[in-house]
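> Could you look at this predicted model? Sequence included:
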Amino acid sequence: MRDLRNDRMRRAGVREERLRATAGLRSSSTLSSWRGRSGRRYIVGVHPLNETELLEVTDAVILAVKRDRTGSGIVVDAAMAASDPSEQTRLRWLAKVQDLGATELHIHRLAATEDDRRAIFEDLREDETQDS
């Protein structure tokens, strides 16, 4: 049964899964989770898509997210935030994802190393072939 469940998760692709534990909290919109292509789950903080938020983030994986009519999150693009951010690079990325319709930043800060962040980044990115 576990193999069937894992196969379904892989086919489902990257998707947001709201946290049931925060459903009754006033601040529940500040936390969410994403299921990667591998089936692993990543907790994220939800932030407004703005320059201040983006420039303050270090050592994290960032998802630019838009919402469809049903309120479901859709990853527009993903990025890795290094410990020494390039303001110019981040501002270009911000403009790009805004043009693509993103309205939120979902930030995963729980990865301890650069290698961990790279693996999570790859897991949460949609395949290039799915974009068309």
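Now that the structure is in, tell me what you want to look at.

> use CA for all of it now, contacts and neighbours both
Noted.

> show me what contacts Val76?
Contacts for Val76 (CA atoms under 8 Å, 6 or more residues apart in numbering) come out as 63-66, 97, 100-102.

> Among these, which lie within strands?
Counting by DSSP state E, the contacts of Val76 place 63-66 in strands.

> Greatest separation within the residues you listed: which pair is it?
Spatially, the most separated pair among those is Leu63 and Lys66, at 9.8 Å (CA to CA).

> Show me which of these two is the more surrounded one.
Neighbour count, other CA atoms under 10 Å: between Leu63 and Lys66, Leu63 has more, with 26 against 21.

> Flag the shaky bits of this structure, pLDDT-wise.
Low-confidence segments of the chain (pLDDT under 70): 1-12, 20-29, 127-132.

> all strands in it, in order from the N-terminus.
15-16, 31-35, 41-48, 60-67, 73-81, 104-108.

> Give me the neighbour count for Thr113.
Thr113 has 10 neighbouring residues, counting by other CA under 10 Å.
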